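Trainee: Sharing a model prediction with you, sequence too.
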Amino acid sequence: MEMFGEFFVEFMKPFFKTLVDILGYIVMGILKMFNVVTYIQVIKEYSKWFRGFSWILVIFTVLCLLAIVGLLFWGIYVLIKRRIKYKKNLHKQESLLDEVEKLNNDVARLKKENEKFLELSGEVEYDENGNIINKTPEGESRFFRLTRIDHEMENYVPPKMDDNMTLEQFCTNFMNYSASELKLYYKIDLIRLFIAAFASNRLIILQGISGTGKTSLAYALGQYLDNPSTIVAVQPSYRDRSELFGYFNEFTKRFNETELLEKMYEASFKPDIYISILDEMNIARVEYYFAEMLSILEMPRPEEWIINLVLTEWPNDPKKIVRGRFRIPNNMWYIGTINNDDSTFMITDKVYDRAMPINIDTKENAFQAPKTPKASISAAYFESLFEKAYKEHPMSVDILNKVKEMDDYLIKNFRISFGNRIARQMQEYVPAFVACGGKEITAVDYLIANKILRKLEQLNLSYIRDEIDGFISFLDKTFGKDEMVECKAYLQRLKKMA
């Protein structure tokens, strides 16, 4: 260690010695440049040769030197002054930009508040004495649309449903109907992934690049079920549940009902399958406006899916709003479409864990399909098909053991785990996918890649880069080299990002 210290000193000495010499030369040069004694000695040495006019030239020479020195200092002063002025202007510009941004934010906030006020008061009409003339008349329901549905449903007779198809037939017919009637083309594998998701989650997320048919897929399903999907065009201003359900207007004493709430209320009367599309759902923060729904839909019993619409009960409220509360119907599913770009918010783990993501990254080429009629199937029968699949196609012991090994491997090497929620979703999703005509290992592969491995993105990719090859080898050894294609492709993409 002592020899290394001596080596280090000797090795670094030439560099620092030269650096000190350079600085010394610069300092000595400046001192010599401004050494007045040297200039006086030169004048004394030559003074004996000067006569009359020569002294005038000497004075002129001295003045020239002083002028050069003055110009030098003036140039340095100007440069420093300009630098200071530039920094001040830059700081001032940055301050102005910050102020402009603050003002823009204030304008946006005031605009939002103004829109909210106009929304609250826009339906209010006053007479010449300032009294509200369009206030809800006494005895009239504050829920106009929902009460109208009550009247429409008084003589409603549920139609006879054709509840006799299998999940595999449902997927094939849906694909053919979309192609033959709507000219929307999807691979059968994608259809199976999509339909199987209804077994495990009430919220399904269709994600991918723009233009691949995400909204169209959800729309096509509503058409195939002969019950058009409700499309909610999410706005950047969405911040709370009132954007979905509406709110009570204190001015008019009316409840401003949304189309989604109206469809929910209608669904509570009918046996049909209802689809609600949250189009571009991540253009606003999903965990803000959809937070209550995420919590409600997590509850195991549909009887617990309750939302509070108003604080008090009025005698003429709609039939299915009891003490201001409404039960979310269990025959409605919610499909969100998302684009991952700079204009949207990232979907958080809280949302992903409670949803089933389906990737749509390519467009299928047109193909010939037989003319296929719409399906007449009830939500109860639809769910019974999933229950049947759960009983007839439970996950095999072999696959369960391999998944357990994989979970242990992820915990040991990456500190991530499946969790009870995702484990439950897997045991519901995989049997449904098999009943739809797919392979068990394909469903396991897809779910793990999109629900578990995506959590690796939150880790330091450069830190786990060396672990990825080992994980791929583990997958090959445990599941087989030709299996777990989605997982291995995802890991390879992560490796390139690291």
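Mentor: The structure has been received and is ready for your questions.
Trainee: Would you agree residue 191 is in contact with residue 175?
Mentor: Yes. Taking C-beta atoms under 8 Å as the definition, residue 191 is a contact partner of residue 175 at 4.9 Å. From N, CA and C alone the C-beta is placed, and that goes for glycine too.
Trainee: Just to be sure, residue 277 is in a strand?
Mentor: Yes. Residue 277 forms part of a strand when assessed by DSSP: H, G, I helix; E, B strand; the rest coil.
Trainee: what's around it, how many residues?
Mentor: 26 (other C-beta atoms under 10 Å).
Trainee: Let me see the contact set for it.
Mentor: 215, 218-219, 229-232, 335-337 (C-beta atoms under 8 Å, 6 or more residues apart in numbering).
Trainee: out of these, which is most surrounded?
Mentor: Highest neighbour count within the contacts of residue 277: residue 335, with 29 neighbours (other C-beta under 10 Å).
Trainee: can you pull up the bridge partners for that residue?
Mentor: residue 204, residue 277 (DSSP bridges).
Trainee: quick one: contacts for it?
Mentor: In this structure, residue 335 makes contact with 203-206, 218, 229, 275-278, judged by C-beta under 8 Å, 6+ apart.
Trainee: What distance do you get for it to residue 214?
Mentor: 9 Å (C-beta to C-beta, to the nearest Å).
Trainee: Check residue 40 too.
Mentor: 89 Å.
Trainee: again, but for residue 416
Mentor: Per C-beta to C-beta, residue 416 is found 27 Å from residue 214.
Trainee: So for the two, which residue has more residues nearby?
Mentor: Counted by other C-beta under 10 Å, residue 416 and residue 214 do not tie: residue 214 has more neighbours, with 25 against 16.
Trainee: need the contact list for the more buried one.
Mentor: Shown in contact with residue 214 (C-beta under 8 Å, 6+ apart): 206-208, 337, 360.
Trainee: What of residue 258?
Mentor: Applying C-beta under 8 Å, 6+ apart to residue 258 gives the contacts 232, 243-246.
Trainee: can you do 6 Å?
Mentor: Shown in contact with residue 258 (C-beta atoms under 6 Å, 6 or more residues apart in numbering): residue 246.
Trainee: Touching stretch 278-298 from outside, list them.
Mentor: Contacts of stretch 278-298 (C-beta under 6 Å, 6+ apart): 202, 215, 231-234, 236, 238-241, 243, 305, 336-338, 344-345, 347-348, 350-351, 354.
Trainee: Those residues in strands, which ones?
Mentor: Using DSSP state E, the subset of those located in strands is 231-233, 336-338.
Trainee: can I get those in a markdown table with pLDDT and distance to residue 35?
Mentor: What follows is those, written out as a markdown table (pLDDT from 0 to 100; distance: C-beta to C-beta, whole Å):
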| residue | pLDDT | distance to residue 35 |
| --- | --- | --- |
| 231 | 95 | 87 |
| 232 | 95 | 84 |
| 233 | 94 | 81 |
| 336 | 96 | 80 |
| 337 | 95 | 80 |
| 338 | 92 | 75 |
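Trainee: closest to residue 179 among those residues?
Mentor: residue 337 (20.5 Å; C-beta to C-beta).
Trainee: Look up the closest residue to that closest one, ignoring the ones flanking it.
Mentor: In space, and not counting its chain neighbours, residue 337 is closest to residue 214: 4.2 Å by C-beta to C-beta, 6 or more residues apart in numbering.
Trainee: what's the domain layout of this protein?
Mentor: Domains of the chain are assigned by automatic domain parsing as 1-44, 57-121, 144-359, 393-497.
Trainee: Out of those domains, which is closest to residue 366?
Mentor: Comparing those under C-beta to C-beta, the one sitting nearest is domain 144-359, at 5.4 Å.
Trainee: what's the straight distance from one end of that closest one to the other?
Mentor: 40 Å (C-alpha to C-alpha, to the nearest Å).
Trainee: now stretch 447-461
Mentor: Termini of stretch 447-461 sit 21 Å apart (C-alpha to C-alpha).
Trainee: Need the contact partners of it.
Mentor: 357, 416, 422, 426, 429, 486-487, 490, 497-498.
Trainee: Please list the members of those that lie in strands.
Mentor: Filtering the contacts of stretch 447-461 for strands - DSSP E - leaves residue 357.
Trainee: what bits of this protein have low per-residue confidence?
Mentor: Applying pLDDT under 70 to the chain flags the ranges 1-5, 86, 89-139, 498.
Trainee: show me where it has strands.
Mentor: 203-207, 230-233, 246-249, 254-257, 274-279, 306-308, 321-322, 325-327, 332-338, 355-359.
Trainee: Among these, which comes closest to residue 373?
Mentor: Closest approach to residue 373 among these (C-beta to C-beta): strand 274-279, 18.5 Å.
Trainee: Just want the angle from that closest one to strand 332-338.
Mentor: For strand 274-279 against strand 332-338, the angle by axes from the mean of the first three to the mean of the last three C-alpha atoms, to 10 degrees is 20 degrees.
Trainee: Name the nearest residue to residue 216, ignoring sequence neighbours.
Mentor: Nearest residue to residue 216 in three dimensions, chain neighbours excluded: residue 184, at 5.2 Å (C-beta to C-beta, 6+ apart).
Trainee: what separates the one you found from residue 224, distance-wise?
Mentor: 10 Å.
Trainee: of the two, who's got more company?
Mentor: residue 224 (24 against 18).
Trainee: Just list the residues touching that one, thanks.
Mentor: 174, 177, 374-375 are the contacts of residue 224 under C-beta under 6 Å, 6+ apart.
Trainee: Give the PyMOL command for selecting the buried subset of those.
Mentor: This is the PyMOL syntax for the buried subset of the contacts of residue 224, where burial follows 16 or more other C-beta atoms under 10 Å:
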select buried, resi 174+177+375
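Trainee: Tabulate the contacts of residue 224 (JSON lines), appending distance to residue 400.
Mentor: Below are those laid out as JSON lines (distance: C-beta to C-beta, whole Å):
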{"residue": "174", "distance to residue 400": "30"}
{"residue": "177", "distance to residue 400": "36"}
{"residue": "374", "distance to residue 400": "38"}
{"residue": "375", "distance to residue 400": "33"}
